[in-house]
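Q: sequence plus predicted model, see below.
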Amino acid sequence: MSWFNRSRNTSEGPKGPAAARSFVLGGIEVVGPWARASLPATAEGGGFFTITNKGTIPDRLIAASSPVAEHIEIHAIKVVGDGLRMRQREGGLALPPGTTLTFKPRGYHLLLTGLKAPLEPGSRAPVTLAFENAGKMDIELAVEAPGPVGTQTL
């Protein structure tokens, strides 16, 4: 089972200090960035957070990179029948002024591929987000322990 194919009752992320962490660049704010610990048999991971454009001009999240992964894609999840289908947002995600987007399992997320080492609980994974207008923002994903996924724990 892939990390993104989670039941609707999947934990929404960290609580406490990790959830309160925020990063700001101009009018863009990223709050509570986190990742689920990766499985030893997979070289993929997911990055999650809440992003808000508090500025007065539109922006767009256009790319992401990290030294812990060969590649990062901005993804959306689409429910198709009984299943889920991931798709890359090749043009990124628009952030008009006043917009808040929540990156979470079963929704928008960063797909980290080609992990150079497993994401371990308690560690942090550095990620650089690139915005069309604001520029580059360095954040850290707080890696959380595996959580419930249907009848399995991943």
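A: Cool, the structure landed.

Q: for this protein, what's the longest strand?
A: Taking DSSP state E as the criterion, the chain has its longest strand at strand 69-80.

Q: where along the protein do the helices fall?
A: Counting by DSSP state H, residue ranges of the helices within the chain are 17-20.

Q: contacting residues for the closest residue to residue 56 other than its chain neighbours?
A: Leaving aside its sequence neighbours, residue 56 sits nearest to residue 97 (C-beta to C-beta, 6 or more residues apart in numbering; 5.4 Å). No exception for glycine: its C-beta is placed from N, CA and C like everyone else's. Taking C-beta atoms under 8 Å, 6 or more residues apart in numbering, we find residue 97 in contact with 27, 53, 54, 55, 56, 57, 58.

Q: state the distance from residue 97 to residue 133.
A: When C-beta to C-beta, to the nearest Å is applied, the distance between residue 97 and residue 133 equals 11 Å.

Q: which residues are in contact with both of those two?
A: 57, 58.

Q: quick one: the strands in the chain?
A: For the chain, the strands defined by DSSP E cover 22-25, 28-36, 44-53, 59-65, 69-80, 83-88, 93-95, 100-103, 109-115, 124-131, 135-144, 148-149, 152-153.

Q: could you export those strands as a markdown table, including mean neighbour count?
A: Formatted as a markdown table, the strands of the chain follow (neighbours: other C-beta atoms under 10 Å):
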| stretch | mean neighbour count |
| --- | --- |
| strand 22-25 | 15 |
| strand 28-36 | 22 |
| strand 44-53 | 22 |
| strand 59-65 | 19 |
| strand 69-80 | 15 |
| strand 83-88 | 12 |
| strand 93-95 | 18 |
| strand 100-103 | 17 |
| strand 109-115 | 19 |
| strand 124-131 | 20 |
| strand 135-144 | 18 |
| strand 148-149 | 16 |
| strand 152-153 | 10 |
